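Colleague: Output the structure for:
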Amino acid sequence: MNQPQPLIISEYSDASNPVISLKNQLKSPQSVYLDEYLIGLGAKTIIVEQNYFDRDYLDEFSAFYCLSAKGYPNTCKRVHFFSSENITKDLFNKAIGGDINSLEELNSSYLGFTVIRPIETAPFGRTVFKWYVDRSPDTPRVTNPSREYISNIAGIELKVTGLAWQQQDTGVAACATIGIWSMLHSSAFDSRHAIPTTSMITEAANNSVPGGNRVYPSYSLSYVQIQEAINQLGFSPAVSSGNLPGKFFSKARFANTCAAYIRSGYPLLIGGMHADDSPVGHAICAVGFREAAPIKNIVNGRIYLQDEHTDYIYIHDDNIGPNVRFKLIEENYKLSDGRAASRCVLVSETPDYLIEENNESRPITRFIPSMVITAVHKDLRVSSDIFFQTGIELTNNINSALNLLLQANQQEEQSLVCSTRFIMLKDYTSTELGRQLDQQSELLASTRLQLQENIPPMSLHLAILRIALPNASVLVDIIFDTTDTDRNRSVFCHVVFDQNFNNLLNVLDENQIKKIMGLHVQAF
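Modeller: Predicted coordinates:
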């Protein structure tokens, strides 16, 4: 029987305890990365639960580790990290007694937690750390898949916002299994969907599509098995393959695909290979990206894609750690006939400010993507790739019609910028409209009421084509149904945020506008 153990409350820098000093004691690429990440967050103190039952590990234990002659224990340790130097045994005792100031000190400085499994070669289980403070507000970091996690210690709650990561153990979980696991933690999935454990994912992948090998130990999953696991667990796999010879992605296509899903709250499982002398297949999970800088050297009269110039994406890589920043670059490669082509490559890059503060940069990892698989809701039946092409065509048509009007009135032609996303109806009417119409309470109320009373019932999930000016001023959201086929997809309405744009629409044929853009909603 497991014996009770006291909580450890200590400085993070105390190297005398193997649980505390991740870098010095555990000695792996993951422990070095996590240590540097925590230093970057300003970790000062920790609380260690020495006996912790972790749901994922217990499932792994019953599926695999309990049968090992090595005699693995069924308990883990859970380590909580804080940026405050004031976290002491005395303060913690006051907090669990209900002292408001002590509770505030714990929660305001809480950085997250990691579960330490009793697996020597893969100790890091469920790990959630908060994001670094965004130091580039002009090109903000988009982390919509992140969600709030609540830890409970002795009856008090500690909250952190992030997305769970863990290390693959190759006993129960391969890299693709971990990627699926992180995806299904997403904020896009509500409480109706229970988050599966890693062993549940591995077994779902092997239920209907056996790979010819035994289920455990699990070394890898094929793309077919990945899709089958997503299906078995109650979701739909949305697949995007590379658009270049060799199944590689162009940078623009890869950036647009990632941004569209991440902005919608869906992480992506990216399959590909490490770009070194001995390429090895691998799967990683994209959990965020940084908005592209404003488009320069605008040519009047043409359209631009908001996300094609996205340069940074944030990755959960079980071989490195969570929230790893990768830069998207274009790299030349040779086709089979000897011609040169350009493909997208992801290169890990340590932010300059972390190099300056920690006086060291991380090892560089290069990864070549060739497949993107996303777990989406069953009723989201619209293909991201096809909807993206539809959006480009529609924006082109609108741009052409508007510029003909501008030319007829001897006005300068205008350029438009478009992007696509999927969003739940409730989130669009609450969060998204609230953000667009900030501080305009009467206009916000009017817009929401028009959507409620003037538009026929809309689907639970919406496909949004957003058209804006190059300065990022939003002109219109065109809202589409997501519950039918791409061929039969219908448009619900268009929400106009700009009066000048609305004036131009009024000159066009009303029936034609209704056909291609749906009913009118005024939001200005």
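Colleague: would you list every one of the helices in the stretch 101-250 of the chain?
Modeller: 175-183, 198-207, 223-232 (DSSP state H, counting those that start in this stretch).
Colleague: Could you point out which of those sits nearest G246?
Modeller: helix 223-232 (15.8 Å; Cβ to Cβ). (Each C-beta comes from the backbone N, C-alpha and C, glycine too.)
Colleague: Columns mean pLDDT, distance to Q436 and mean neighbour count on top of the helices of the stretch 101-250 of the chain, output as CSV?
Modeller: Compiled in CSV, the helices of the stretch 101-250 of the chain are given as follows (pLDDT from 0 to 100; distance: least, Cβ to Cβ, whole Å; neighbours: other Cβ atoms under 10 Å):
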stretch, mean pLDDT, distance to Q436, mean neighbour count
helix 175-183, 92, 28, 27
helix 198-207, 86, 37, 23
helix 223-232, 91, 32, 21
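Colleague: Contact partners for the closest residue to Y12 other than its chain neighbours?
Modeller: Excluding the flanking residues, the one nearest Y12 by Cβ to Cβ, 6 or more residues apart in numbering is A43, at 4.6 Å. Shown in contact with A43 (Cβ atoms under 8 Å, 6 or more residues apart in numbering): 12, 81-83, 111.
Colleague: Tabulate those residues (CSV), appending neighbour count.
Modeller: Output for the contacts of A43, formatted as CSV (neighbours: other Cβ atoms under 10 Å):
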residue, neighbour count
Y12, 23
F81, 25
F82, 25
S83, 17
L111, 24
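Colleague: and D169, what is it in contact with?
Modeller: Here D169 is in contact with 60, 117, 119, 121-122 (criterion: Cβ under 8 Å, 6+ apart).
Colleague: Next one, pLDDT for the closest residue to K44 other than its chain neighbours please.
Modeller: The shortest distance from K44 to any non-neighbouring residue, by Cβ to Cβ, 6+ apart, is to E85 (4.7 Å). Reported pLDDT at E85 in the predicted model: 94.
Colleague: E85 belongs to a helix, doesn't it?
Modeller: No: judged by DSSP: H, G, I helix; E, B strand; the rest coil, E85 forms no part of a helix; its state is coil.
Colleague: Hmm, it is touching T45, no?
Modeller: Yes: checked against Cβ atoms under 8 Å, the pair E85 and T45 is within contact range at 6.4 Å.
Colleague: Now the common contact residues for the two.
Modeller: Common neighbours of E85 and T45 (Cβ under 8 Å, 6+ apart) are E11.
Colleague: So for those two, which sits in the more crowded spot?
Modeller: A direct count of neighbours by other Cβ atoms under 10 Å for E85 and T45 places T45 higher, at 23 against 12.
Colleague: What separation do you get for that one and P123?
Modeller: 21 Å (Cβ to Cβ, to the nearest Å).
Colleague: Now do stretch 294-313: distance from first to last residue.
Modeller: 17 Å (Cα to Cα, to the nearest Å).
Colleague: buried stuff in that stretch?
Modeller: Within stretch 294-313, the residues that count as buried by 16 or more other Cβ atoms under 10 Å are 295, 301, 303-313.
Colleague: contacts for that stretch?
Modeller: Residues contacting stretch 294-313 (Cβ under 8 Å, 6+ apart): 251-252, 255-256, 258-260, 286, 288-293, 325-328, 346, 349, 392, 395-396, 399, 403, 412-419, 466, 468, 470-472.
Colleague: thinking again about what came up before, need the contacts of D169 in JSON lines with pLDDT, neighbour count and distance to L91, can you?
Modeller: Formatted as JSON lines, those follow (pLDDT from 0 to 100; neighbours: other Cβ atoms under 10 Å; distance: Cβ to Cβ, whole Å):
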{"residue": "E60", "pLDDT": "87", "neighbour count": "26", "distance to L91": "35"}
{"residue": "R117", "pLDDT": "92", "neighbour count": "26", "distance to L91": "29"}
{"residue": "I119", "pLDDT": "89", "neighbour count": "20", "distance to L91": "33"}
{"residue": "T121", "pLDDT": "84", "neighbour count": "9", "distance to L91": "36"}
{"residue": "A122", "pLDDT": "88", "neighbour count": "18", "distance to L91": "34"}
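Colleague: possible to save these as CSV with distance to V32?
Modeller: Formatted as CSV, the contacts of D169 follow (distance: Cβ to Cβ, whole Å):
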residue, distance to V32
E60, 24
R117, 18
I119, 18
T121, 15
A122, 15
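Colleague: For the residues you listed, name the two members farthest from one another.
Modeller: It's E60 and T121 that sit farthest apart of the contacts of D169, by Cβ to Cβ, at 13.6 Å.
Colleague: Please name every helix or strand in contact with the helix or strand in which I9 is found.
Modeller: Taking DSSP states H and E as the criterion, I9 maps to strand 8-11. The elements that strand 8-11 packs onto, with contact taken as 3 or more Cβ pairs under 8 Å, 6 or more residues apart in numbering; DSSP states H and E, are strand 45-52.
Colleague: and the strand it packs on, C-alpha only, in PDB?
Modeller: Extracted C-alpha coordinates of strand 45-52, given in PDB (Å, rounded to 0.1, in the frame of the first residue of the first chain):
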ATOM      1  CA  THR A  45       9.100  28.100  -5.700                       C
ATOM      2  CA  ILE A  46       7.400  24.700  -6.000                       C
ATOM      3  CA  ILE A  47       4.900  22.500  -4.200                       C
ATOM      4  CA  VAL A  48       5.300  18.800  -4.700                       C
ATOM      5  CA  GLU A  49       2.600  16.200  -4.100                       C
ATOM      6  CA  GLN A  50       4.600  13.100  -3.500                       C
ATOM      7  CA  ASN A  51       1.700  10.600  -4.000                       C
ATOM      8  CA  TYR A  52      -0.500  11.600  -6.900                       C
END
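Colleague: Point out the other elements, helices or strands, that the following helix or strand past that strand touches.
Modeller: On the C-terminal side of strand 45-52, the nearest following helix or strand under DSSP H and E is helix 55-63. Contacts defined by 3+ Cβ pairs under 8 Å, 6+ apart place helix 55-63 against strand 124-129, helix 198-207.
Colleague: Now helix 55-63: buried residues?
Modeller: 56-61, 63.
Colleague: could you measure C493 against G518, distance?
Modeller: For C493 relative to G518 (Cβ to Cβ), the value is 4 Å.
Colleague: Overlap of the contact sets of those two?
Modeller: 478-479.
Colleague: circling back to that earlier point, among the helices and strands packed on helix 55-63, which comes closest to D337?
Modeller: helix 198-207 (36.9 Å).
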